[in-house]
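Student: would you be able to build a 3D model of this:
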Amino acid sequence: KAVFFLYPDRASAEAGVKSGGTGFLVGIPVSGMPGSVYLHAITNHHVAVSNPNGPSCPVVRINRLSGKPEIFEFDPAEWIFESGFSDVAVSPPIGLDGRVHSFAIINCDSWLLTAEQERDGEIGPGDDVFMIGRFVDYDGVETNLPAARFGHISMMDVRIEQTTGYNGRSIVLDMHSRSGFSGSPVMIFRTLGSHFIEQAQPGSFLTGGG
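Tutor: Reported below is the predicted structural model:
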């Protein structure tokens, strides 16, 4: 529920055309107001602002609890990004209502991996990752139906020039992907017996011997 789909315009969003990308929702804590957050949509710059291979897709489509999805008609110029930096764009604060919309928030304080967590967790090549996004051949058409894709970390410190001109650090994944998944959140996960779950629980997993 933390992901949404992006389209070139309202008509495309209403029809569920096979173009666009994915984004996810994050909550930024409001200073002095415990429990309150600013809600923002996050995606790739090359999806919402400047797509070198087609039209930009700045329009956000988010599921409602019932009925057709809600469409937010952002303009490419409304998306916030840092020129020459990573291929990331952020929407202005977006207004959602838990009584109306079907959504979840990725909390920046607990979900976004820090350099310290990366180091302490010894995260590196071979670690499992997955992403949740838009499989354009079947994405629910008139409603958002995200798909999961899986892979592994391949390289941790690579200088690959992005479409924004950014040539800083990138992490390379060996991932099953295709058009429509641009902007998807990428999650790292570890199984029983890993650093994240140090004690395997009897009966909670399968072994090669059954």
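
Student: tell me who's in contact with the residue sitting nearest the centre point of the chain.
Tutor: Geometric centre of the chain, nearest residue: residue 185, 2.5 Å, by C-alpha atoms, centre = their mean. The contact partners of residue 185, taken as C-beta atoms under 8 Å, 6 or more residues apart in numbering, are 2, 3, 24, 42, 106, 131, 132. Where you see a C-beta, it was placed from the backbone N, CA and C, and this is true even at glycine.

Student: which ones among those residues lie within strands?
Tutor: Judged by DSSP state E, these include 3, 24, 42, 106, 131, 132 as members of strands.

Student: which outside residues touch the worst-scoring helix or strand of the chain on mean pLDDT?
Tutor: Ranking every helix and strand in the chain by mean pLDDT, DSSP states H and E puts helix 108-111 at the bottom, with a mean of 78. Contacting residues not belonging to helix 108-111 are listed as 26, 27, 28, 29 [C-beta under 8 Å, 6+ apart].

Student: repeat that for 6 Å
Tutor: If you take C-beta atoms under 6 Å, 6 or more residues apart in numbering as the criterion, helix 108-111 is touched by 26, 28.

Student: give me the next element, helix or strand, following it.
Tutor: Remark: after helix 108-111, the chain's next helix or strand is helix 115-120, criterion DSSP states H and E.

Student: pLDDT weak spots in this protein?
Tutor: Where the chain drops to pLDDT under 70, the residues are 192-210.

Student: which one's the longest strand in it?
Tutor: strand 147-159.

Student: got the buried residues for the next helix or strand after that strand?
Tutor: Once the chain leaves strand 147-159, the next helix or strand it forms, by DSSP H and E, is strand 169-175. Going by neighbour count (16 or more other C-beta atoms under 10 Å), the buried part of strand 169-175 is 170, 171, 173, 175.

Student: do the same with stretch 1-10
Tutor: Buried-residue list, stretch 1-10, by 16+ other C-beta under 10 Å: 2, 3, 4, 5, 6, 7, 8.

Student: for the longest strand of the chain, give me every contacting residue.
Tutor: Contacts of strand 147-159 (C-beta under 6 Å, 6+ apart): 124-127, 129-132, 135, 167, 169-177.

Student: one step back: any of the contacts of residue 185 buried? List them.
Tutor: 2, 3, 24, 42, 106, 131, 132.

Student: once you drop chain neighbours, what's closest to the third one?
Tutor: Meaning residue 24. residue 185 (4.4 Å; C-beta to C-beta, 6 or more residues apart in numbering).

Student: and the one you found, backbone torsions?
Tutor: phi -70, psi 140 (degrees, to the nearest 10).

Student: now do residue 78
Tutor: The phi/psi pair for residue 78 (degrees, to the nearest 10) is phi -80, psi -20.

Student: hmm, back to that, what residues of the least confident helix or strand of the chain count as buried?
Tutor: Applying 16+ other C-beta under 10 Å to helix 108-111 flags no residue as buried.

Student: what's the answer for stretch 23-32, then?
Tutor: In stretch 23-32, counting by 16+ other C-beta under 10 Å, buried: 23, 24, 25, 26, 27, 28.

Student: wait, doesn't the third one sit right on residue 105?
Tutor: Yes: if you go by C-beta atoms under 6 Å, residue 25 and residue 105 touch, sitting 5.3 Å apart.
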